[in-house]
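Enquirer: Have a look; sequence and predicted model below, questions after that.
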Amino acid sequence: MKKVVKKVKDDLCDFKQETQRLKTIREELNKLRKDNWYKIKKSDTYKQQEARLLQEQKEIEQKHNRKQRKYWIVGIVIIFLLFFIIIEIGIATERNQPTSADTNTASAVHITDESTEAFSDLTETTTVEATTEKPESTTEKTTAAKPTTATTTHSAQAKEQTVLTVKNCPELKKLLELKNPDDEYVKAFAKEHKGDTIQFNGCVTFVSNHYKDDGTIYKTRYDVMFGYGNYNESQQKGPNFKYDNVNRTDMGYTGEGLHVGKNVKIKAIISDYDEYTSLFYLDPVKLEDR
C-alpha cells in the first residue's frame, strides 16, 4: 500500500513539474512568434528553435494524456465499485425491514385505486371538451405555420447560395493562388467581399494558445492561421488567413486535433484585413479534416 501511495505522489510531482515546463514552453513560443513570426520563411535559426520547442511540447502533452487516461480509468472503476456497494447495502436494508410494511402497501394501493378512478372521470370530461375544440385549433395552427416554413426554406436557400468557392467565384480563385500575402489584391478583395462566406481547401500554418497583452495565456482558446491548398513547408499560397481567439466549438471543429501541417477544409465569413500585419481575419463557420 505504501508503495502505491509513493508511486501516486511521485506521479503527481512529475505531473506538476511537466505542467510548469509546458507553460514555459508555450510562453517562449508565443514570444518567439510574436517577435519573429514574419521571418518564419527566412530564418533557419528560428525554424530550428521553434521545432525544438514544439517537439518538447508534444512529448510532454503525450505524457500528460497517457497519465490523464490512466487516472480517468482508475476513477471510473472506483465510482462503479462504490455504486455497486451502495446498491448491495440498499438491497440488504430492504430485506431486513419489518413485515408491518405490508399493511402500508395495501393502504397505498387502495388510495391509488380511488385516485385513478377520479382521474379517469376527469380525463374523460377533459377529452370530450378538447375533442370539440380540436379542429378549429388545429386549423389555426396549420395556417399560421405555413408562412414561417416557406420563409425559413427561402432564407436557407439564399444563405446556401452565398458561399463562395473557387468553382463559382474567379476572384476567390485568384486570391488563393497569390504567392505574395501582401499583394494589393488581398486588400481589395477583403473590402469588396466583407461579410461573405467562403469555402476552400487549405492547411494549418500556425497554431498557438491565445494570450492577452498582460501575458494571460488561455488553455482552450487559440490563434490559428491557414494557407491555401496542401501544406508546403517551403512556400504556401494565398493570404495569411487567421482565426483569432477561438476554441473548438467556435471553429465548428470535431477532428482529432489541429497542428501545423494539417490539411483541412475551411468554411468562414470574411471579417477584415490588417495591412500592417498582413493578416486576413476570418470568422469561423466550420472546419473539417481532409
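Expert: Received it, and whenever you're ready, just let me know what you need.
Enquirer: How far off centre is the strand or helix carrying residue 280?
Expert: Secondary-structure element containing residue 280, defined by DSSP states H and E: strand 279-289. When C-alpha coordinates are averaged (CA atoms, centre = their mean, to the nearest Å), strand 279-289 and its chain have centres 13 Å apart.
Enquirer: what helices or strands is it leaning on?
Expert: For strand 279-289, the contact count by 3 or more CB pairs under 8 Å, 6 or more residues apart in numbering; DSSP states H and E identifies strand 237-246, helix 248-251, strand 263-274 as packing neighbours. C-beta coordinates here come from the backbone N, C-alpha and C atoms, glycine included.
Enquirer: Not counting its own residues, what contacts that strand?
Expert: In this structure, residues lying in contact with strand 279-289 by CB atoms under 8 Å, 6 or more residues apart in numbering are 181, 186, 190, 197-198, 225, 239-244, 246, 250-256, 262-274.
Enquirer: ok, now with 6 Å
Expert: Contacts made with strand 279-289 from outside it, assessed by CB atoms under 6 Å, 6 or more residues apart in numbering, are listed as 239-243, 246, 250-253, 255, 264-265, 267-269, 271-273.
Enquirer: now stretch 254-265
Expert: With CB under 6 Å, 6+ apart as the criterion, stretch 254-265 contacts 201, 203-204, 207, 230-231, 287-290.
Enquirer: so which pair among the residues you listed is furthest apart in space?
Expert: 201 and 207 (18.0 Å; CB to CB).
Enquirer: where exactly do the helices run in the stretch 1-150 of the chain?
Expert: Here the stretch 1-150 of the chain has its helices, by DSSP state H, counting those that start in this stretch, at 2-36, 44-95, 101-161.
Enquirer: Give me the angle between the first one and helix 44-95.
Expert: Put plainly, it is helix 2-36. Orientation note: helix 2-36 sits at an angle of 140 degrees relative to helix 44-95 (axes from the mean of the first three to the mean of the last three CA atoms, to 10 degrees).
Enquirer: Does anything pack onto helix 2-36? Which helices or strands?
Expert: Secondary-structure packing of helix 2-36 (3 or more CB pairs under 6 Å, 6 or more residues apart in numbering; DSSP states H and E): helix 44-95, strand 197-211.
Enquirer: What is the least confident helix or strand in this structure?
Expert: Of the helices and strands making up the chain, the lowest-confidence element is helix 101-161, at a mean of 44, by mean pLDDT, DSSP states H and E.
Enquirer: Next SSE downstream of that helix?
Expert: Note on helix 101-161: by DSSP H and E, the next helix or strand toward the C-terminus is strand 163-164.
Enquirer: Who are the packing partners of that next one?
Expert: strand 197-211.
Enquirer: CA atoms only for the strand it packs on - export them in CSV, please.
Expert: Included here for strand 197-211 are C-alpha records, laid out as CSV according to Å, rounded to 0.1, in the frame of the first residue of the first chain:
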residue,chain,number,x,y,z
THR,A,197,-18.9,33.3,-46.7
ILE,A,198,-16.1,31.5,-48.4
GLN,A,199,-15.1,27.8,-48.5
PHE,A,200,-11.8,26.3,-49.7
ASN,A,201,-9.3,23.5,-49.1
GLY,A,202,-6.4,24.7,-47.0
CYS,A,203,-3.8,23.8,-44.4
VAL,A,204,-2.8,24.9,-40.9
THR,A,205,0.4,27.0,-40.9
PHE,A,206,0.3,28.3,-37.3
VAL,A,207,-1.3,27.3,-34.0
SER,A,208,-0.8,28.9,-30.7
ASN,A,209,-2.7,29.4,-27.4
HIS,A,210,-4.4,32.8,-27.4
TYR,A,211,-2.9,35.4,-24.9
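Enquirer: This completes my enquiry, with thanks.
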